[in-house]
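Asks: model this:
(chains A and B)
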Amino acid sequence: AQSVTQLDSQVPVFEEAPVELRCNYSSSVSVYLFWYVQYPNQGLQLLLKYLSGSTLVKGINGFEAEFNKSQTSFHLRKPSVHISDTAEYFCAVTGGSYIPTFGRGTSLIVHP
Amino acid sequence: DAGVIQSPRHEVTEMGQEVTLRCKPISGHDYLFWYRQTMMRGLELLIYFNNNVPIDDSGMPEDRFSAKMPNASFSTLKIQPSEPRDSAVYFCASSFSTGGYQPQHFGDGTRLSIL
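Replies: Sure, this is the predicted structure:
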């Protein structure tokens, strides 16, 4: 079985500040990891993914994430956020089942 | 490229009525997923199809819910009869043959309100 825990349901931050959204997973097999973003009234869009190789992956809109196998984590980071980054962010994992398991989501709120 | 297309975008109807949600996946994708999103329960997988065949419907909440995929370019999710607790945003997503590394592509959802 696989599971995903997003530790923060809401993260408020000021514009131009750095942000980290935390994601921990559990799986008995090798995993693929994803971050999706959901803007208001839209579906989820792929932000970035880790399949293999370098543990630091870069995505769209200046986001990056680091895969840490020993800590079973895949935290999402951005050095300087914009108002337009306000959205819901979902971490997802696929392992033996091949069907992704999504976390509950983290609401990123960027204040001016 | 056209993404996943869902219709209608919004649906408001009275309790007891039949509701049909529609989805057109991305051409060439052979997996199709139906999700429900609510504040209380987050994103729930209801059912998924592979090559038009339902593979796992264990997430379908009740017999009032049914889903079909008559061909590779069309799927429906039907609720009959509808109840207020069915109010949610319903998403359709599609992907290529999943070895687990293929991301899902989501539609913009149908916001369903049952009065």
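
Asks: Looks like B:Met15 contacts B:Arg85 (just checking).
Replies: No: if you go by C-beta atoms under 8 Å, B:Met15 and B:Arg85 don't touch, sitting 9.8 Å apart. Heads up, the C-betas are built off the backbone N, CA and C, glycines and all.

Asks: Quickly list what's touching both of those two.
Replies: Counting by C-beta atoms under 8 Å, 6 or more residues apart in numbering or on different chains, the shared contacts of B:Met15 and B:Arg85 are B:Ile114.

Asks: where's A:Pro79 relative to A:Pro40, distance?
Replies: The spacing between A:Pro79 and A:Pro40, counted by C-beta to C-beta, to the nearest Å, is 24 Å.

Asks: When those two are compared, which one has more neighbours?
Replies: Comparing A:Pro79 with A:Pro40 by other C-beta atoms under 10 Å in any protein chain shown, the one with more neighbours is A:Pro79, at 11 against 7.

Asks: residues touching the more buried one, list them.
Replies: Contacts of A:Pro79 (C-beta under 8 Å, 6+ apart): A:Pro18, A:Gly62.

Asks: what's the answer for the one 3 residues further on, then?
Replies: With contact taken as C-beta under 8 Å, 6+ apart, A:His82 is in contact with A:Glu15, A:Glu16, A:Val110.

Asks: Please convert the buried members of those residues into PyMOL selection syntax.
Replies: Buried members of these, defined by 16 or more other C-beta atoms under 10 Å in any protein chain shown, are picked up in PyMOL with:
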select buried, chain A and resi 110
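
Asks: Export the contacts of A:His82 to a markdown table and append columns for pLDDT and secondary structure.
Replies: As requested, the contacts of A:His82 are exported to a markdown table (pLDDT from 0 to 100; DSSP: H, G, I helix; E, B strand; the rest coil):
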| residue | pLDDT | secondary structure |
| --- | --- | --- |
| A:Glu15 | 97 | coil |
| A:Glu16 | 97 | coil |
| A:Val110 | 97 | strand |
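
Asks: nearest to A:Phe102, of the contacts of A:His82?
Replies: A:Val110 (22.5 Å; C-beta to C-beta).

Asks: surely the closest one meets A:Val81?
Replies: Yes: taking C-beta under 8 Å as the definition, A:Val110 is a contact partner of A:Val81 at 5.1 Å.

Asks: which residues do these two both contact?
Replies: What both A:Val110 and A:Val81 touch, as defined by C-beta under 8 Å, 6+ apart, is the set A:Val13, A:Glu15.
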